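Undergrad: Next come a sequence and a model predicted from it.
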Amino acid sequence: MSKSELTRRTFLGGMAAASLSAMGPAGAQASGANEKIEVGVIGLGARGRMIAGMVRDHGGYHIKSMCDYFPDVVNKAGEEFDVPGSQRFSGLNGYRGVVDSGVDAVFLETPPYCFPDHVEAAVAAGLHVYMAKPVACDVPGCVRVLEAAERAKAAEKVFLIDFQMRTEPLVIEGIERLKRGEIGPLGMLCSQYTDEAFPDPPLTNTIESRLQNLIWVNDTAIGGGYLVNAGIHAVDAALWIAGKMPVSAVGASRIARKDPHGDAHDVLSITYEFDNGLFLNHFGKHLKNRYPWHCDALAFCLDGHLETTYDGRVRMLGNSAGWAGGQVEGLYQRGAITNIAAFCECVKNGDTGNGTVEPSINSALATILGREAAERKTRVTWQQMMAENKRREPDLTGLKL
C-alpha cells in the first residue's frame, strides 16, 4: 500500500474485528507449544517495568534482553529480572541490541515517537511485536507502523497493540447489545477523559530530561500530546461503538496549566462528524484541579443509552430494554495481563489474524485529527489530514546514541 492510497477508506474495513477473538489462524510458528518465548523489553519506565513483571509471571516467556535510554534504569531492571549485563542496552540505539539479541519477540513500552523506528527494525528482523498505544505521534508514523504490521502479517508474525477497554467483558457485552439494536439506532456519542496531568518541568539543553516520568506527554513530538496519548482510550471506545471512522473534526483547545513548558494542549473540546450524520463529542481536561479521573464513552440511542468506562459502572438503560451490567475494576492491570496472555497464545498457535492492529491505528489517526482541528480551532477533514502528512519531529540533538 502506498502512502497516496492511504485515505480514510483504508481504515473502515476492520472496526468490527476489534476484539482479540477476531485473530484468525495462520501457519505454525517457530516456537513449540511447550517452549518459552524468548523476548526483549524495550522501555523500562513505570509501565515498562510493570509489563516486564507480567511477562515474567505469565510463565510462557523468558526475558532474554532489555533496553532503556537510561543505563541506570536498564541495569536496575536487569538485576530485578535476571537479565545478564551483556544483554542490557541503553541509549537511543539500544533497541538494536535487543532486536539483534536472538529473541523471538519484543515488547515496546517507550515514548511513542520511538515506535515507528522500533517496529520497523523488529519486523525486519522477523520478530513478533507487542506494543503500547498510541502507535505514533503523527500521520507519517502511523503509516509506517501500519505498513510494518502488514509486513509482519505477510511473514506470519503476531502483532498486538495493547488497549485495555477492548478486553473488558462488560464493555464487550454492552457494545454487542447496542449493536444488536436493543435500544434502537444511535443518535450521538460522547466521550471524556479527565486526569490531573503529568509533571511539566522547565526545559533543559536536550530533551533527555523529558524522557522519564511521563513528562513527555506534555510534548507533542515526543508523546503525541494529551488527546493522542491519554484521551485515545475514550475515543477508541466511542469509535468501537460507532463502527466507522469520522470524516472530519472541529474543535478548540489550549494550554491552561500553570507554568507550561511543553507544547501539548491540556483542555480541549472536539466534535467528530461521520458520513451518516452521527457525531461524537469529546471532552478532555488534564489539570491538577481535584476533578476526578474519568475515561468514558457514552452512546445515546433512540430508546436508551449505554454507559461504558475504563473504571466504574457499565450498564444500559432503555425505555423497554435494559442491562444491569456491572463494575469495571483494576482494568489497567487486568487488560494488560489479558493481552500478554493472548499474545503468548497467538505466537504459540501461529495465530496471526492480528485483530488489534487496525482499530489501534484508526484511533491514533482519529485523535491526531482531533488534535489538529482543536489546535487550529477549525474544521479539518480526514482527507485533508492524510494529504498534509504532517510530521512532528522531536529534537534529538545531544542525546546519547
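TA: Structure's in. What do you need? Numbers count the residues shown, from 1 in each chain.
Undergrad: And the next helix or strand past the helix or strand harbouring A341?
TA: Here A341 sits within helix 331-349, counting by DSSP states H and E. Once the chain leaves helix 331-349, the next helix or strand it forms, by DSSP H and E, is helix 357-376.
Undergrad: thinking again about what came up before, list the buried residues for the helix holding A341?
TA: Buried residues in helix 331-349, counting neighbours by 16 or more other Cβ atoms under 10 Å, are found at 331, 335-344, 346-349. (C-beta placed from N, C-alpha, C; glycine too.)
Undergrad: what do you get for stretch 386-394?
TA: Buried positions in stretch 386-394, judged by neighbour count with 16+ other Cβ under 10 Å: M386, R392, P394.
Undergrad: swap in stretch 199-207?
TA: Residues of stretch 199-207 classed as buried: D200, I207 (neighbour count, 16+ other Cβ under 10 Å).
Undergrad: let's have the chain start at 21 instead
TA: Yep, numbering from 21; the last one is stretch 219-227 now.
Undergrad: So which elements touch the helix holding A361?
TA: Applying 3 or more Cβ pairs under 8 Å, 6 or more residues apart in numbering; DSSP states H and E, one finds that helix 351-369 contacts strand 57-62, helix 66-78, strand 148-152, strand 179-182.
Undergrad: pLDDT of it, averaged?
TA: When pLDDT is averaged over helix 351-369, the result is 97.
Undergrad: again with stretch 171-186
TA: 97.
Undergrad: Only alpha carbons, please: show it as PDB.
TA: The C-alpha coordinates for stretch 171-186 follow below in PDB (Å, rounded to 0.1, in the frame of the first residue of the first chain):
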ATOM      1  CA  ARG A 171       4.700  -6.900   6.500                       C
ATOM      2  CA  ALA A 172       4.600  -8.800   9.800                       C
ATOM      3  CA  LYS A 173       1.300 -10.400   8.900                       C
ATOM      4  CA  ALA A 174       2.700 -11.400   5.500                       C
ATOM      5  CA  ALA A 175       5.600 -13.000   7.300                       C
ATOM      6  CA  GLU A 176       3.100 -14.800   9.700                       C
ATOM      7  CA  LYS A 177       4.200 -12.900  12.700                       C
ATOM      8  CA  VAL A 178       2.000 -11.800  15.600                       C
ATOM      9  CA  PHE A 179       1.500  -8.000  16.100                       C
ATOM     10  CA  LEU A 180      -0.600  -6.900  19.100                       C
ATOM     11  CA  ILE A 181      -1.300  -3.400  20.300                       C
ATOM     12  CA  ASP A 182      -2.300  -3.100  23.900                       C
ATOM     13  CA  PHE A 183      -5.600  -1.400  24.500                       C
ATOM     14  CA  GLN A 184      -7.300  -2.400  27.800                       C
ATOM     15  CA  MET A 185     -11.000  -1.500  27.300                       C
ATOM     16  CA  ARG A 186     -11.300  -3.800  24.300                       C
END
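Undergrad: OK, contacts around the residue nearest the centre of the chain?
TA: The geometric centre of the chain, computed from its C-alpha atoms, lies nearest to K153 (Cα atoms, centre = their mean), at 1.9 Å. Applying Cβ atoms under 8 Å, 6 or more residues apart in numbering, we find K153 in contact with P132, I181, D182, F183, I252, S380, S383, A384.
Undergrad: so what pLDDT did it get?
TA: Residue-level confidence at K153 comes out at 97, pLDDT.
Undergrad: Tell me the gap between stretch 353-364 and the middle of its chain.
TA: Using Cα atoms, centre = their mean, to the nearest Å, the mean C-alpha position of stretch 353-364 is found 14 Å from that of the whole chain.
Undergrad: Not counting that stretch itself, show me its contacts.
TA: Stretch 353-364 is contacted from outside by 40, 43, 57, 70-71, 74-75, 78, 80-81, 125, 148, 150, 178, 180, 182-188, 376, using Cβ under 8 Å, 6+ apart.
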